[in-house]
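1. Got a predicted model here, sequence first, then my questions.
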Amino acid sequence: MKIVLASNNKHKIEEIKQMLNNQEILTLKDIGYTEEIEETGKTFLENALIKARTISKFLTKKSLYYPVIADDSGLCVEALNGEPGVYSARYSGTHENDEANRLKLLNVMKNITNRKAYFQCVIVEYFPDKTYKIGDGKTYGNITTTKIGNDSFGYDCLFLSDDLQKTFGEASSEEKNHVSHRYRALKSLLNQTSILKDDDN
């Protein structure tokens, strides 16, 4: 069975493909979806559902009945009351400008001693009959005072993982994928037996 991943983010696609082993994954590009999905939710779950629901409707119109996996994730800093949270990708005001987002976070936390933080991911698997399952995962660590390691993806080079005792920017993809919030959310999803009905249609 093919599964559509509601993303064109190459890092996210690579991570999920690795985690699902040989499962055939289709991206938004593969199905011909080119529009921007407006993430107006106030929580990770709300945003994941918006993406999953939108792509499922798109597929149905094309008479394609594949499950859709959509996720929303972000960095939550304890001393900032959970910020940047759902706004992680656009924390600096510009969507997915990783360097600007990192610089803003480092500046905001310049004089803060409590550096505890966690990444959270909520994944939804959405089915053609408008039912869905939810997986939730977190990974804990601390915010560094400078970039350490590869800075090509999000806040990874600023997140010192409790599990790995190194930043995600220093970790290999295999190391990160075994402790990441997305990995834990996906494991949670795969073990989930509770099926919910989407009434917002």
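-> Nice, I can see it. Just so we're clear, the structure is a prediction, and the values are computed from it rather than from any experiment. Numbering: from 1, shown residues only.
2. Quick one: low-confidence residue ranges for the protein.
-> 22, 201 (pLDDT under 70).
3. hey, where'd the strands end up in it?
-> Under the criterion DSSP state E, strands of the chain are mapped to 3-5, 25-26, 68-77, 116-126, 131-143, 159-161, 196-197.
4. Adding distance to G41 as columns, could you present those strands in JSON lines?
-> Placement of C-beta: from N, CA and C, glycine included. Below are these laid out as JSON lines (distance: least, CB to CB, whole Å):
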{"stretch": "strand 3-5", "distance to G41": "19"}
{"stretch": "strand 25-26", "distance to G41": "24"}
{"stretch": "strand 68-77", "distance to G41": "7"}
{"stretch": "strand 116-126", "distance to G41": "10"}
{"stretch": "strand 131-143", "distance to G41": "14"}
{"stretch": "strand 159-161", "distance to G41": "23"}
{"stretch": "strand 196-197", "distance to G41": "16"}
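5. Let's have those strands in a markdown table, adding distance to L189 and mean neighbour count.
-> Compiled in a markdown table, these are given as follows (distance: least, CB to CB, whole Å; neighbours: other CB atoms under 10 Å):
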| stretch | distance to L189 | mean neighbour count |
| --- | --- | --- |
| strand 3-5 | 11 | 21 |
| strand 25-26 | 14 | 16 |
| strand 68-77 | 8 | 25 |
| strand 116-126 | 5 | 24 |
| strand 131-143 | 3 | 19 |
| strand 159-161 | 22 | 22 |
| strand 196-197 | 12 | 12 |
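6. Quick one: closest of these to Y87.
-> Nearest to Y87 among the strands of the chain is strand 68-77 (7.3 Å), distances taken as CB to CB.
7. Packing partners of the closest one?
-> Here strand 68-77 touches strand 3-5, helix 44-61, strand 116-126, helix 181-190, going by 3 or more CB pairs under 8 Å, 6 or more residues apart in numbering; DSSP states H and E.
8. how far is the second one from where the chain is centred?
-> Spelled out, that is helix 44-61. 15 Å (CA atoms, centre = their mean, to the nearest Å).
9. helices and strands around that helix, which ones?
-> Using 3+ CB pairs under 8 Å, 6+ apart: helix 44-61 touches helix 28-31, strand 68-77, strand 116-126, strand 131-143.
10. got the angle for that helix vs helix 181-190?
-> Calculated by axes from the mean of the first three to the mean of the last three CA atoms, to 10 degrees, helix 44-61 forms an angle of 60 degrees with helix 181-190.
11. so what's A52 up against?
-> 6, 68-70, 124-126, 132 (CB atoms under 8 Å, 6 or more residues apart in numbering).
12. quick one on the thing from earlier: closest to R53 out of the helices and strands packed on helix 44-61?
-> strand 116-126 (6.5 Å).
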